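A.B. asks: Quick one, what's the 3D model for this:
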Amino acid sequence: MGMLKAAKIYVSGLVQGVFFRAYTRSRARALGLKGWVRNLDDGRVEIFAEGEEGALKKLIEWCKVGPPHAIVEDVKVEWCEYSGKYSSFDIIY
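C.D. replies: As a prediction, the model looks like this:
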């Protein structure tokens, strides 16, 4: 097992109303990550994900492209301490 880490990811551009959260949830679950994704009032999508560092890096790379119809302009990442408090990856509101 790789090193366990956590990351907060902020995605900006045309990322709301294009199923970004649903695709992110699906991708994160496929990578074995735990955490959440939500829309922010400023038009960005915020993701908190934790798990193996390699899987997190794959999710970050995916976020730079996003799902069909998304136009990603920027991805900011803040690495955090792994908490282990999430049991699944969900869309939150």
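
A.B. asks: Unless I misread the structure, residue 56 falls within a helix.
C.D. replies: Yes: checked against DSSP: H, G, I helix; E, B strand; the rest coil, residue 56 lies within a helix.

A.B. asks: What's the separation between it and residue 44?
C.D. replies: 19 Å (C-beta to C-beta, to the nearest Å). Yep, even glycine has a C-beta here, placed from its N, CA and C like the rest.

A.B. asks: okay, those two: which has more neighbours?
C.D. replies: Neighbours per residue, other C-beta atoms under 10 Å: of residue 56 and residue 44, the larger number sits with residue 56, 26 against 21.

A.B. asks: pretty sure that one is touching residue 34, no?
C.D. replies: No: judged on C-beta atoms under 8 Å, residue 56 makes no contact with residue 34 at a distance of 10.8 Å.

A.B. asks: overlap in contacts of those two?
C.D. replies: 49-50 (C-beta atoms under 8 Å, 6 or more residues apart in numbering).

A.B. asks: got a list of what the residue nearest the centre of the chain touches?
C.D. replies: For the chain, the residue nearest the mean C-alpha position is residue 47 (3.9 Å; C-alpha atoms, centre = their mean). Contacts here follow C-beta under 8 Å, 6+ apart; on that basis residue 47 touches 7-11, 24, 28, 35-37, 59, 63.
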